[in-house]
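Asks: take a look and give me a structure for this.
(2 chains)
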Protein chains: 2
Amino acid sequence: VLVGVSHTSLEQTWLLARHAESQGATAVVLSTPYYFALSQPELCDYLTLALSGLSLPVYLYNIPSCTKVPIEVETVRRFLDTPKIKGIKDSSGNMAYYHELLHVTLQIDWSVLMGPEELLAESVLLGGHGGVAGGANLFPRLFVSIYEAAIANDVTRVRSLQEYLSRISSTLYKTGSYGSSFIKSLKCSLSVLGICSDEMAAPFQKFGQAHRDKVAEQLGALSLTLAGIQNKMI
Amino acid sequence: VLVGVSHTSLEQTWLLARHAESQGATAVVLSTPYYFALSQPELCDYLTLALSGLSLPVYLYNIPSCTKVPIEVETVRRFLDTPKIKGIKDSSGNMAYYHELLHVTLQIDWSVLMGPEELLAESVLLGGHGGVAGGANLFPRLFVSIYEAAIANDVTRVRSLQEYLSRISSTLYKTGSYGSSFIKSLKCSLSVLGICSDEMAAPFQKFGQAHRDKVAEQLGALSLTLAGIQNKMI
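Replies: Numbering: from 1, shown residues only, chains lettered A, B, ... in the order given. Model prediction:
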């Protein structure tokens, strides 16, 4: 169980990590601070300081769309021999950057994890170690299948599963109108399936009834197709 | 005394505001959340919710360089008849946007305040109501003079003071190498003058000795010139 400890405050980061540890977390996933735009040397100093107060294993978290601050490859390089760090999760969506991460970590035992689920298959085909896929909350077996197909170099199967992923992305995840569609659709889908509430933390609010109905309908269509695909594969 | 309550968490925003109120603050300055990129309709919903839990008067705070989320003029328009809101501080540096703010608030009693100190003079000359100038911590009389000259339409005097401001920006504030130069130089200058410590909250760290020496030297040169300018003006 990897627990995110993204915060702009160093003290709060440490407090969140300590709480995660007390609750049995395996490791924490540490983003950059995300209010001030930091330079890379300042980021290195910050990460060094932050790591000094963390006792669990750490995965770095690169998500510049939210933090404005990328963890550049040269910065990653400076932390390669930090035993506490076990890997990095990359949500930049930049495959060239991801390949560079794989390259610089070739000799060490890091897990280089993919954020965006649409890129999981190709990242694993090209040597990546796995992903943190939002959609796996909804379709866990699908993502295990994608991982297994990619690890087995079964490109034909990867393509057919990727096509199914694209169907999810272009229908279900497009419900609503903004950048938050993905996260809202996912939460709403889980609620439709009775897995958890669709209540969202501010600044977001859950879908209204019209969007919820649309989610339920798309989810029904997707599940039918998925059952077909999975039956074919057994 | 206006106290900033910038946070990504709604509950923490409310807690910070309540603390500010308990300590005697006059009003709070409310930024947008700054982790997820919000759409403007989502921002409107968020601000409505946030305002419902704030009891002090509120100034909106537009600082997209830190938050990624601008408070667009159409969004501001939707809050013009919210009695709790007393104005807006604009740190976008976009004068066209600032003029639009002045235009849409012409009929109401809002204070439209300028963030970047280099734009204070022109904003007040064009009808703005004041500024929140970082440099006023260091040179308070200078910024009062700029405000007074601009309010009095004394363009000749405004120009000579602006020229002095540019000297500060191009020397003192350029100490160091990154976007944080301004904030670090300011904090270091205040420490050199014995006004406060130069200790900085993470993710930033204070200047080392070499930069501190340079700050002290530039501050000496600037203060001499400033004394000359101020003597001429009395």
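Asks: how about the residues of chain A by chain B?
Replies: A:6, A:8-10, A:32-39, A:41-43, A:45-46, A:49-50, A:65-68, A:177-180, A:183, A:201-205 (Cβ under 8 Å from any Cβ of the partner chain). Where C-beta positions appear, they are placed from N, C-alpha and C, glycine not excepted.
Asks: just the buried residues of those.
Replies: Among the residues of chain A next to chain B, those classed as buried by 16 or more other Cβ atoms under 10 Å in any protein chain shown are A:6, A:8-10, A:32-38, A:42-43, A:45-46, A:50, A:66-68, A:180, A:202-205.
Asks: go through those residues and flag which are in strands.
Replies: When these are checked against strands (DSSP state E), there are no matches.
Asks: now do the contacts for residue A:111.
Replies: The contact partners of residue A:111, taken as Cβ atoms under 8 Å, 6 or more residues apart in numbering or on different chains, are A:59, A:86, A:87, A:88, A:129, A:130.
Asks: for ChimeraX, write a command that selects the buried ones of those residues.
Replies: Of the contacts of residue A:111, the buried ones can be selected in ChimeraX as follows, counting by 16+ other Cβ under 10 Å:
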select /A:59,86,87,88,129,130
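Asks: what's the separation between the closest residue to residue A:24 other than its chain neighbours and residue A:132?
Replies: Nearest non-adjacent residue to residue A:24, counting by Cβ to Cβ, 6 or more residues apart in numbering or on different chains: residue A:1, 7.1 Å away. As defined by Cβ to Cβ, to the nearest Å, residue A:1 lies at a distance of 12 Å from residue A:132.
Asks: tell me who's in contact with the nearest residue to residue A:155 once chain neighbours are set aside.
Replies: Closest residue to residue A:155 apart from its sequence neighbours, by Cβ to Cβ, 6+ apart: residue A:125 at 7.1 Å. Residue A:125 sits next to A:150, A:153, A:155, A:158 when contact means Cβ under 8 Å, 6+ apart.
Asks: so what's residue A:66 up against?
Replies: Residue A:66 touches A:6, A:31, A:34, B:35, B:36, B:37, counting by Cβ under 8 Å, 6+ apart.
Asks: rerun that using 6 Å as the cut-off
Replies: Neighbouring residues of residue A:66 by Cβ atoms under 6 Å, 6 or more residues apart in numbering or on different chains: residue B:35.
Asks: for residue A:56, same thing?
Replies: A:21, A:27, A:28.
Asks: where along chain A do the strands fall?
Replies: A:2-4, A:27-31, A:58-62, A:85-90, A:111-114, A:130-131.
Asks: quick one: distance of the first one to the chain centre.
Replies: The one in question is strand A:2-4. 11 Å (Cα atoms, centre = their mean, to the nearest Å).
Asks: what strands line up against it, and which way round?
Replies: strand A:27-31 (parallel) (DSSP bridges).
Asks: check the last one too.
Replies: When pairs are called by DSSP bridges, strand A:130-131 turns out to pair with strand A:111-114 (parallel).
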